[in-house]
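S.K.: Below: sequence and its predicted model.
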Amino acid sequence: MRYLLAAYFLFFPGFPQAEAQAPDSIRQLLDAAWRAYDGQDYPAMRSLAARSLELAARYEQEGGMADSYQAMGRAEEGMRNWAAALRNYQRALAIQEQRGARREAASLYQDIAILKDAEGNYETARRFAERAVALFEVLKDSFALANALVDLANPNKSLGDFRQALGYFQRADTLFRALGDSVGMAISGYGAGDLFYQLKEYKEARPYIEAAIPAFEREEEYAKMAMAYNVLAGIHEAEGQRAKARENFGNSISWAEKAGDSLSIFDASLNLAEMAAADGNPEQARRLLAAARKALGKKASMLDQASLDKVAASVNALEHQIENKRLYMWLSVFLVFLSGFGALAFWQYRKRKANALALQLQMIEHQRRVNALLDDIQLSNESARLEGEKRERKKITKTLHDTVGSQLAATRWLQEANIEALRNGTLGQEDMQNVLKMMGEAYKNARNVERLLDKDSIDWLDEVGGFFHALSERSQLEVKYVVRGLEEKPDWEMGLAIYKIVLTLAANVLLHAEARRLSALITRAEGGLSIHIEDNGVGFDKNSVQYGNGLKNVEEYVRQYKGRIRVEPRPGEGTAIDIFLPENK
């Protein structure tokens, strides 16, 4: 359907209605041709433009003939038929000049300038671009003038007239900015930035290039993005920012691959190869050179080949330099080894001469050291014995404090209660018996410290339960003791720790808390055991009270098991203590 109307006139040229509408048909064919150009379908464009030319010639439509020749020239240029393209442009130009159509003639000057620039005929390109600029200035067409200035700057740049080209690009950039044309600003800005880069004026170059890149990306001009990144990388490299340079050369390659721009891939790969060679990395330089050759293929010009050869020569020189350094290093190592071997041989000779005397001296010294070692061993054994006795005494002391001490604390508490009952006249025989029983149990534990330290004789949780049961029966204290989730008993060491902790905390409550209610909860938590002790006594202020031996011992047990302890005193209301002991120490 895209070219349906154009095909209609192509296959039925003699139809009367087409004859009556020939000027409109020419325009429709040309519109279809330019749509084919937008789709890069150059053969279809040439065919449609040729049909348009045939109708224009039949009806003597000079403007239509010139437009058709121009479209045919553009199609031939797209197919790189430079000579055919030039002939069509020249025929169109002759018609437009004869008609006095200055705007159309200026456009054709511009087309020929672009064609000649692509061919590499820069002098001719500059001459035709100058004519286009002159006509557009007369016509005061700012947009066309800005585009013509860009086309004039390009051949000047290729001819090495950088300052002149820079002036044209900057003038075009000013016009595009006034028109608000972001694409034109990006193209002219890139041209100006590239020239500043060529002139080594990097501070002036960077803003132009950095502004052009996002504009090219918005318009999906990926080939131009690749060229802009290549220039930006060159600026960073010149300024010593080698990491940014490598990154932007990589960006140039990525966008060039997306655009299918082999020339930009070649430029960026070649630049990266030069950097790799300068960094002393010949393997990477070789890989990048191979990528550059592959991108260029068989289209390499003499200049491109010379650039490749230059970098390859640098890589070869680097490899020779590395190889020479390696040989020099091995030679140096050999000479050092040879010198060392000679020195070693001389030293061995001198050593053998001194061995006879040295051996006798060594034997004397050896005997002295043996005697000193024996003395040290004797002292170490004595120190170890004393240290072991010290550790054993400390262990027994702590056990007495945490077991017998707790029961004595309970006895003292009961005795104080009995004294108060005696004053009130309420002391009974059973109260005295409770004190005697508690003292008897404390005496029994004191006589059986060795049994308390035996790993095979005690179930510590049962001992805790027995203590709380006795305390509940023989005192006015309301005692609540709960064990939950401990169907599988903890190991002996853990049980002993629980026993010492709970009895020590219970003793603290009896001695200092003036409490009427005491609760203890031992449960299995995730990853360990949880102990909660709470009373309704007088509490204390953390900031004004120092811990005694009881709480200090508890904290030491918790640290030993890598656990956690939290003490929450509430002055006038009591104290709550939460402890967590992990089962995998």
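M.R.: The structure has been received and is ready for your questions. Every value quoted in this text rests on a predicted model; they were computed, and no experiment measured them.
S.K.: Run a quick neighbour tally on the nearest residue to Leu93 once chain neighbours are set aside.
M.R.: Nearest residue to Leu93, sequence neighbours excluded (Cβ to Cβ, 6 or more residues apart in numbering): Leu108, at 4.3 Å. Using the backbone N, CA and C atoms, a C-beta is placed for each residue, glycine as well. Residues near Leu108, counting by other Cβ atoms under 10 Å, number 27.
S.K.: hmm, who's touching the helix or strand harbouring Leu108?
M.R.: Here Leu108, judged by DSSP states H and E, is contained in helix 102-119. By Cβ atoms under 8 Å, 6 or more residues apart in numbering, the surrounding residues in contact with helix 102-119 are 63, 66, 70, 73-74, 77, 82, 85-86, 89-90, 92-93, 96-97, 122, 124-129, 131-132, 135-136, 138-139, 141, 144, 147-148, 151-152, 154-155, 158.
S.K.: so for it, what's the average pLDDT?
M.R.: Average pLDDT, helix 102-119: 92.
S.K.: export it as CSV, just CAs?
M.R.: Coordinates of the C-alpha atoms in helix 102-119 are reproduced here as CSV (Å, rounded to 0.1, in the frame of the first residue of the first chain):
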residue,chain,number,x,y,z
ARG,A,102,17.6,30.6,-5.9
ARG,A,103,16.4,28.6,-2.9
GLU,A,104,16.3,25.4,-4.9
ALA,A,105,19.6,26.1,-6.5
ALA,A,106,21.2,26.7,-3.1
SER,A,107,19.8,23.3,-1.9
LEU,A,108,21.4,21.7,-4.9
TYR,A,109,24.8,23.4,-4.2
GLN,A,110,24.5,21.9,-0.8
ASP,A,111,23.8,18.4,-2.1
ILE,A,112,26.8,18.6,-4.4
ALA,A,113,29.0,19.8,-1.6
ILE,A,114,27.9,16.9,0.6
LEU,A,115,28.5,14.5,-2.3
LYS,A,116,32.0,15.8,-3.0
ASP,A,117,32.9,15.7,0.7
ALA,A,118,31.9,12.0,0.8
GLU,A,119,34.1,11.4,-2.3
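S.K.: from the chain's centre, how far out does that helix sit?
M.R.: In this view, helix 102-119 has its centroid 51 Å away from the chain centroid, taken as Cα atoms, centre = their mean, to the nearest Å.
S.K.: Over to stretch 193-209?
M.R.: Taking mean C-alpha positions (Cα atoms, centre = their mean), stretch 193-209 and its chain are 31 Å apart.
S.K.: Return the set of buried residues in that stretch.
M.R.: Gly193, Asp194, Leu195, Phe196, Tyr197, Gln198, Tyr202, Ala205, Arg206, Tyr208, Ile209 (16 or more other Cβ atoms under 10 Å).
S.K.: Give me the contact list for the one helix or strand Val231 maps to.
M.R.: Taking DSSP H and E as the definition, one finds Val231 inside helix 222-238. Identification of contacts with helix 222-238 by Cβ under 8 Å, 6+ apart yields 186-187, 190, 193-194, 197, 200, 202, 205-206, 209-210, 212-213, 216-217, 242, 244-249, 251-253, 255-256, 258-261, 264-265, 267-268, 271, 275.
S.K.: Name only those of those residues that count as buried.
M.R.: Taking 16+ other Cβ under 10 Å as the criterion, what is buried in the contacts of helix 222-238 is 186-187, 190, 193-194, 197, 202, 205-206, 209, 212-213, 216, 245-246, 248-249, 251-253, 255-256, 259, 261, 264-265, 267-268, 271, 275.
S.K.: So which of those residues belong to helices?
M.R.: Within these, residues falling in helices by DSSP state H are 186-187, 190, 193-194, 197, 202, 205-206, 209, 212-213, 216, 245-246, 248-249, 251-253, 255-256, 259, 264-265, 267-268, 271, 275.
S.K.: tell me the centre residue of the protein?
M.R.: Glu247 (15.0 Å; Cα atoms, centre = their mean).
S.K.: State the pLDDT value of that residue.
M.R.: As predicted, Glu247 sits at a pLDDT of 92.
S.K.: What score does Ala312 have for pLDDT?
M.R.: pLDDT, Ala312: 58.
S.K.: Now do the strands in the stretch 451-585 of the chain.
M.R.: 478-484, 517-525, 528-535, 564-570, 574-582 (DSSP state E, counting those that start in this stretch).
S.K.: Serialize those strands to TSV and add fields for mean pLDDT, distance to Gln164 and mean neighbour count.
M.R.: Conversion of these to TSV gives the following (pLDDT from 0 to 100; distance: least, Cβ to Cβ, whole Å; neighbours: other Cβ atoms under 10 Å):
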stretch	mean pLDDT	distance to Gln164	mean neighbour count
strand 478-484	90	94	14
strand 517-525	91	85	18
strand 528-535	92	85	21
strand 564-570	91	81	15
strand 574-582	93	82	20
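S.K.: Same list, those, but as a markdown table with distance to Trp492 please.
M.R.: Below are the strands of the stretch 451-585 of the chain laid out as a markdown table (distance: least, Cβ to Cβ, whole Å):
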| stretch | distance to Trp492 |
| --- | --- |
| strand 478-484 | 17 |
| strand 517-525 | 16 |
| strand 528-535 | 14 |
| strand 564-570 | 22 |
| strand 574-582 | 14 |
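S.K.: Which positions within the helix holding Leu108 qualify as buried?
M.R.: For helix 102-119, the neighbour count (16+ other Cβ under 10 Å) marks 104-117 as buried.
S.K.: tell me which of those is nearest to Asp173?
M.R.: Of all the buried residues of helix 102-119, Gln110 has the smallest distance to Asp173: 18.0 Å, by Cβ to Cβ.
S.K.: Assign Arg35 to helix, strand or coil.
M.R.: Following DSSP: H, G, I helix; E, B strand; the rest coil, the label given to Arg35 is helix.
S.K.: ok, the buried residues of stretch 193-209 vs Gly539, which is closest?
M.R.: The nearest member of the buried residues of stretch 193-209 to Gly539, counting by Cβ to Cβ, is Arg206 at 71.9 Å.
S.K.: what number of residues lie near the residue lying closest to the closest one once chain neighbours are set aside?
M.R.: Among residues not flanking Arg206 along the chain, Ile235 sits closest, at 5.6 Å (Cβ to Cβ, 6+ apart). Ile235: 23 surrounding residues under other Cβ under 10 Å.
S.K.: swap in Gly548?
M.R.: Per other Cβ under 10 Å, the neighbour tally for Gly548 reads 11.
S.K.: what do you get for Asn584?
M.R.: With other Cβ under 10 Å as criterion, Asn584 counts 6.
S.K.: And the contacts of the helix or strand hosting Val133?
M.R.: Secondary-structure assignment from DSSP H and E places Val133 in helix 122-139. With Cβ under 8 Å, 6+ apart as the test, helix 122-139 has contacts from 102-103, 105-107, 109-110, 112-117, 144-145, 148-149, 151-152, 154-156, 158-159.
S.K.: Please repeat the previous calculation with a cut-off of 6 Å.
M.R.: Contact with helix 122-139 is made by 102-103, 106, 109-110, 112-113, 116-117, 144-145, 148, 151-152, 155, 158-159, as judged by Cβ atoms under 6 Å, 6 or more residues apart in numbering.
S.K.: again with stretch 189-199
M.R.: 153, 162, 165-166, 169-170, 173, 204-205, 208-209, 211-212, 228, 231, 234-235.
S.K.: For the strand or helix carrying Ala148, what does the pLDDT average out to?
M.R.: Ala148 is part of helix 142-158 when elements are defined by DSSP H and E. Mean pLDDT, computed over helix 142-158, is 93.
S.K.: With stretch 504-512 instead?
M.R.: pLDDT averaged over stretch 504-512 gives 85.
S.K.: distance between the ends of it?
M.R.: This stretch, stretch 504-512, spans 12 Å end to end (Cα to Cα, to the nearest Å).
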